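**Student:** starting from these lines, generate the structure:
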Amino acid sequence: MPENDHTITIEWPWTMIPLDSADEWADFIQKQVGPGHTLHNKNIFASMRREDGIDMVLFDNDTDGTYAIVYLHEKKRYKSRMMPKTEVIATWSEVKQRLKRDHEEAMRKIEKDKTANNAMRSDRQGRAV
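**Tutor:** Coordinates of the predicted model:
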């Protein structure tokens, strides 16, 4: 698929950020970052967020054409200041791969949790007899 094809199927744990709140997300992040951070003074657009309890937001960096996943509750030192940890992704195809990998990992975790819960339920029922 060509790199300029931005078609994607968004699967759990990621979801789209509503357009009416995308600017609020960008403003929020701009207030959290400063000199030395990859998103400082960049034209960014919040496009997706994780909805499984892992506080991450995907931003399109319209200044340089890259993408950034910002970890809202993890900090990293940039120059002399602690700021939100950010993972830069160079291409859209890499974003697609990352979202697919996150989906597969989340589904494996659900299946693992389901199996563990069924085993605990069976164990409790066995002891109740």
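**Student:** low-confidence stretches in the chain?
**Tutor:** 1-4, 119-120, 122-129 (pLDDT under 70).
**Student:** any chance you could map the strands in it?
**Tutor:** For the chain, the strands defined by DSSP state E cover 14-16, 44-50, 56-61, 66-78, 81-89.
**Student:** orientation of the fourth one relative to strand 81-89 in degrees?
**Tutor:** Regarding strand 66-78 and strand 81-89, their directions subtend 150 degrees when assessed with axes from the mean of the first three to the mean of the last three CA atoms, to 10 degrees.
**Student:** same question, the second one
**Tutor:** Between strand 44-50 and strand 81-89, the angle formed by their directions is 80 degrees, by the same axes, to 10 degrees.
**Student:** report the distance from strand 44-50 to the chain centre.
**Tutor:** Strand 44-50 sits 8 Å away from the centroid of its parent chain (CA atoms, centre = their mean, to the nearest Å).
**Student:** give the buried residues for the longest helix along the chain.
**Tutor:** Using DSSP state H, we find that the single longest helix of the chain is helix 92-128. For helix 92-128, a neighbour-count test (16 or more other CB atoms under 10 Å) marks 92, 95-96, 98-99, 102-103, 106 as buried. For glycine as for every other residue, the C-beta is placed from the backbone atoms N, C-alpha and C.
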